[in-house]
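Enquirer: Structural data only, the sequence is not supplied:
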């Protein structure tokens, strides 16, 4: 399906060097933000207390947050959960208080403003559990990355595998760089979004790589940059439809999903936008720089010699 058809190939590879310099600069800025600021890890990773409380009427999140801060609770995360009367509170660990005492203290603070306040559940996350989540999350990213390299190398050629994983690494580091630079909370839903973007980005790269392989068979006299330009141009309409429809869905989550899904949708939005960029201006130029050629994909036929009797 195509909304439009571009009749003349767009010379993307003519500007490949300039965009590679921009990509390296963005990558280094993101790495710098991660190195100097670090991620603002959520309670799931650092340990702490998660409380769910129910109010008799619509809760005022700002007032709840101010009440907790005035009571000595540092950096409380307060958000609606399900409906306007249900509130989820995340509190970092306080060394001088156990999880049970901390939750009791918070509940008494909030009950002073609403006598009908209901404590629905309390979860405690230890620091050891948080460390295990960080370790398992990093392993998940590693195994997904290795799987992507193996798949692309098996389906196409090792140069496509290297280009694909470097482009995906670019997207992931950019997302993490945004979260480090602006100190947005990095929670389990955000980690899930990062893993989803890994699969989403590689899908776009596979479509372009597949078209490059087809073009090497069809465009016998074309140069490698011309083959890549034609592949990207021919997939442009599909890219706009796919990414546009996906972003509409993510945008609805970002606007209507509430604070619970806000950073999840934000991570997906950043990943989708940079996924388009990386598939065109990172993965494809890398394939070119790695020296892909027609001979890598089309093996010469070996003529069988007839036996002389």
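Expert: Yep, that arrived. This is a predicted model, so every value here is computed, not measured.

Enquirer: can I assume residue 259 sits in a strand?
Expert: No - counting by DSSP: H, G, I helix; E, B strand; the rest coil, residue 259 is not part of a strand but coil.

Enquirer: most residues in a single strand of the chain, which one?
Expert: strand 83-92 (DSSP state E).

Enquirer: What lies in contact with the next helix or strand after that strand?
Expert: Counting by DSSP states H and E, the element after strand 83-92 in chain order, helix or strand, is helix 99-111. Residues outside helix 99-111 that contact it (C-beta atoms under 8 Å, 6 or more residues apart in numbering): 49, 51, 53, 64, 67-68, 71, 73, 89, 91, 93-94, 97, 117, 119, 122, 124. Where C-beta positions appear, they are placed from N, C-alpha and C, glycine not excepted.

Enquirer: Can you select the buried ones among those for me in PyMOL?
Expert: Typed into PyMOL, the next command selects the buried ones out of the contacts of helix 99-111 (criterion: 16 or more other C-beta atoms under 10 Å):
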select buried, resi 49+51+53+64+67+68+73+89+91+93+94+117+122+124
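
Enquirer: per the record, what domains does the protein have?
Expert: Here the domain assignment for the chain is 12-40+129-294, 48-125, based on automatic domain parsing.

Enquirer: right, so those: which one is the most enclosed?
Expert: Sort those by mean neighbour count, taking mean count of other C-beta atoms under 10 Å, and domain 12-40+129-294 sits at the top with a mean of 18.

Enquirer: returning to what we had before: and the domains of the chain as a markdown table, adding distance to residue 6?
Expert: Shown next, in a markdown table, are those (distance: least, C-beta to C-beta, whole Å):
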| stretch | distance to residue 6 |
| --- | --- |
| domain 12-40+129-294 | 5 |
| domain 48-125 | 44 |
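
Enquirer: how about these in TSV, adding mean pLDDT?
Expert: Output for the domains of the chain, formatted as TSV (pLDDT from 0 to 100):
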stretch	mean pLDDT
domain 12-40+129-294	85
domain 48-125	81
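
Enquirer: just checking, what packs against the longest strand of the chain?
Expert: Judged by 3 or more C-beta pairs under 8 Å, 6 or more residues apart in numbering; DSSP states H and E, strand 83-92 is in contact with helix 43-46, strand 48-54, helix 61-70, strand 77-81, helix 99-111.

Enquirer: Among these, which comes closest to residue 210?
Expert: With C-beta to C-beta as the measure, helix 43-46 is the member of these nearest residue 210 (37.8 Å).

Enquirer: Tell me the helices and strands packed up against the closest one.
Expert: strand 83-92, helix 127-155.

Enquirer: wait, which of these is closest to residue 254?
Expert: Set against residue 254 and scored by C-beta to C-beta, the helices and strands packed on helix 43-46 come closest in strand 83-92, at 18.5 Å.

Enquirer: Specify the local secondary structure of residue 28.
Expert: Under three-state DSSP, residue 28 falls in the helix class.

Enquirer: Then residue 121?
Expert: Look at residue 121: counting by three-state DSSP, its state is strand.

Enquirer: ok, what's across the strand from it?
Expert: Applying DSSP bridges to residue 121 gives these bridge partners: residue 52.

Enquirer: my guess is it contacts residue 54, does it?
Expert: No - under the criterion of C-beta atoms under 8 Å, residue 121 makes no contact with residue 54, lying 10.1 Å away.

Enquirer: mind checking which of the helices and strands packed on strand 83-92 is nearest residue 266?
Expert: strand 77-81 (14.1 Å).
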